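Participant: build me a model from this:
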Amino acid sequence: MHSQRLKKLLETLQTHNLDVLALNPGPSLFYLTGLHFHISERPVVVLFPRGDSPAIVLPELETPKLDSAPFEMRAFPYGENPNSWGAAFREAVQFVGMAEARAGVEPAWMRVLELRYLEAAAPKAQFVSGGEVVAALRMFKDAGEIAAMRKAVAIAQDALKATLSAIRPGVTEKEIAAELITQLLRRGSESPLPFQPIVSGGPNGANPHAVPGSRPLRRGDLLVVDYGAAAGGYFSDITRTFALGEVAPELSEIAGVVAQANAAGRAVARPGVPARAVDDAARSVIDAAGYGRYFTHRTGHGLGLEVHEPPFIRSDNEQILQPGMTFTIEPGIYLPGRGGVRIEDDILITGDGCLSLTDLPRPLWKISA
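Facilitator: Below you'll find the model as predicted:
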């Protein structure tokens, strides 16, 4: 599997006119090698040259990990003295012929630490963005990746069901988040989680990325719960909204509108349509209901080894959806000072349509209060 991914990477490097791709620890390095390295004060970087064996610069204490590497990598280890680190980078650069190369890096992951060592070792090299190179591979999930994502979804859905008994008036957002995290780990989620759960009640629910606080839940509140699990390195990302007892008529109304918008997005998602069409479908429902200015974010984002990755489901993205792509559909309405609703599902593009990996009920979840 990893050897096939390496072969595709080398072909993609040529397509993007790159001589080498430099990756430090992160999702793309795991995708290509299956290796995990901790981010620390010690630099780690793997150089993938076009048409040759990769080279890795790493601390001596990390070299045993290379025993499980799926293909040959030339190692350039260094000791604890930082004065020796530059020499390891220079040797690796010479090995892969990178002295005057056009080298790609991932802007979202390449640290200044590693980049400065590379620049010093190859002062005539040109460093450019190569994020789209690996993204072009990672967007298309194989059967093993989809199985891992299904498992992450199952763990997350079971955990939310087990947390329901903790949702009641008087309990704080932090307390519910703590119970949800406990249930995620009990049901098999890997650690770390994709992100810390967003649990936002009442007025806090109008902030799409609220941080759980100490406000106790009250009767009549809406409660937004956005969370995920990890399995095999892959993530799920789910949002459901709850009503604590009877809520104001308008809050109930926006819950219905968001559910319709979510359904509209899922109905449009299929091979051959641009990503923007999914956003347009969901957004048009909310616009027609008069709440367009309260839908303040894109309709979704790619999902896999990262919780946010391509393809991005936004109004200006012309990228064509293709089988194997996975992403979220998560429209929302946020009324300042009153509350919000978001419904988020994890979607797989199939050969003739789409499949929702998530199947929790989407209408407003009512909690007796």
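Participant: look up how far residue 311 lies from residue 321.
Facilitator: 7 Å (C-beta to C-beta, to the nearest Å). Any C-beta I mention is one placed from the backbone N, CA and C, and that applies to glycine too.
Participant: domain parsing for the protein?
Facilitator: Listed domain ranges for the chain are 2-138, 143-367 (source: automatic domain parsing).
Participant: run the chain-centre distance for the longest one.
Facilitator: Average the C-alpha atoms of domain 143-367, do the same for its chain, and the two points are 13 Å apart (C-alpha atoms, centre = their mean, to the nearest Å).
Participant: returning to that earlier point: joint contacts of residue 321 and residue 311?
Facilitator: residue 275 (C-beta atoms under 8 Å, 6 or more residues apart in numbering).
Participant: and the domains of the chain, which is most packed in?
Facilitator: Mean neighbours per residue, mean count of other C-beta atoms under 10 Å, is largest over these for domain 143-367, with a mean of 20.
Participant: can you give me the strands in the stretch 251-369 of the chain?
Facilitator: Remark: strands assigned in the stretch 251-369 of the chain by DSSP state E, counting those that start in this stretch are 300-302, 309-313, 326-329, 332-335, 339-342, 345-349, 354-356, 365-367.
Participant: go through those strands and name the closest to residue 51.
Facilitator: Closest to residue 51 of the strands of the stretch 251-369 of the chain is strand 309-313 (C-beta to C-beta; 26.1 Å).
Participant: mind giving me the packing neighbours of the closest one?
Facilitator: helix 131-138, helix 275-288, strand 300-302, strand 326-329 (3 or more C-beta pairs under 8 Å, 6 or more residues apart in numbering; DSSP states H and E).
Participant: span of stretch 163-170 from start to end?
Facilitator: 15 Å (C-alpha to C-alpha, to the nearest Å).
Participant: sorry, wrong one. I was asking about stretch 333-346.
Facilitator: 19 Å.
Participant: now stretch 349-367
Facilitator: Stretch 349-367 end-to-end distance (C-alpha to C-alpha) = 33 Å.
Participant: shouldn't residue 122 be in contact with residue 102?
Facilitator: No - Residue 122 is beyond contact range of residue 102, at 10.9 Å (criterion: C-beta atoms under 8 Å).
Participant: dihedrals phi and psi, residue 303?
Facilitator: phi -150, psi 140 (degrees, to the nearest 10).
Participant: how about it: what's its closest non-neighbour residue?
Facilitator: Sequence neighbours aside, residue 326 is the residue nearest to residue 303 in space, at 5.2 Å (criterion: C-beta to C-beta, 6 or more residues apart in numbering).
Participant: picking up where we left off before, so can I have CSV of the helices and strands packed on strand 309-313 showing mean pLDDT and distance to residue 231?
Facilitator: Formatted as CSV, the helices and strands packed on strand 309-313 follow (pLDDT from 0 to 100; distance: least, C-beta to C-beta, whole Å):
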stretch, mean pLDDT, distance to residue 231
helix 131-138, 92, 17
helix 275-288, 98, 25
strand 300-302, 98, 17
strand 326-329, 98, 14
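Participant: need these in CSV (columns: distance to residue 66).
Facilitator: Shown next, in CSV, are the helices and strands packed on strand 309-313 (distance: least, C-beta to C-beta, whole Å):
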stretch, distance to residue 66
helix 131-138, 21
helix 275-288, 38
strand 300-302, 30
strand 326-329, 30
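Participant: who wins for proximity to residue 98 among these?
Facilitator: helix 131-138 (15.7 Å).
Participant: what's the angle between that closest one and strand 309-313?
Facilitator: In terms of direction (axes from the mean of the first three to the mean of the last three C-alpha atoms, to 10 degrees), helix 131-138 departs from strand 309-313 by 90 degrees.
Participant: tell me what helix 131-138 is packed against?
Facilitator: Secondary elements touching helix 131-138 (3+ C-beta pairs under 8 Å, 6+ apart): helix 2-15, strand 20-23, helix 27-33, strand 309-313.
Participant: now the helices for the protein?
Facilitator: 2-15, 27-33, 85-96, 112-121, 131-138, 143-163, 173-186, 249-268, 275-288 (DSSP state H).
Participant: of all those, which one comes closest to residue 359?
Facilitator: Closest among these, using C-beta to C-beta: helix 143-163, at 7.5 Å.
Participant: ok, and what's touching that closest one?
Facilitator: 1, 141, 176, 179-180, 183-184, 186-189, 225, 227-236, 238, 240, 303-304, 326, 346, 348, 357-360.
Participant: what does stretch 199-214 give?
Facilitator: Contacts for stretch 199-214 (C-beta under 8 Å, 6+ apart): 172-174, 176-177, 180, 196-198, 215, 217-218, 221-225, 227, 241, 244, 296-297, 332, 334-342.
Participant: one more time with 7 Å
Facilitator: 172-174, 176-177, 198, 215, 217-218, 221-225, 296-297, 332, 334-340, 342 (C-beta atoms under 7 Å, 6 or more residues apart in numbering).
Participant: over to stretch 282-302?
Facilitator: With C-beta under 7 Å, 6+ apart, stretch 282-302 has contacts from 139, 208, 254, 257, 260-262, 264-265, 278-279, 308-315, 326-335.
Participant: start to end distance for that stretch?
Facilitator: First-to-last residue span, stretch 282-302, C-alpha to C-alpha: 16 Å.
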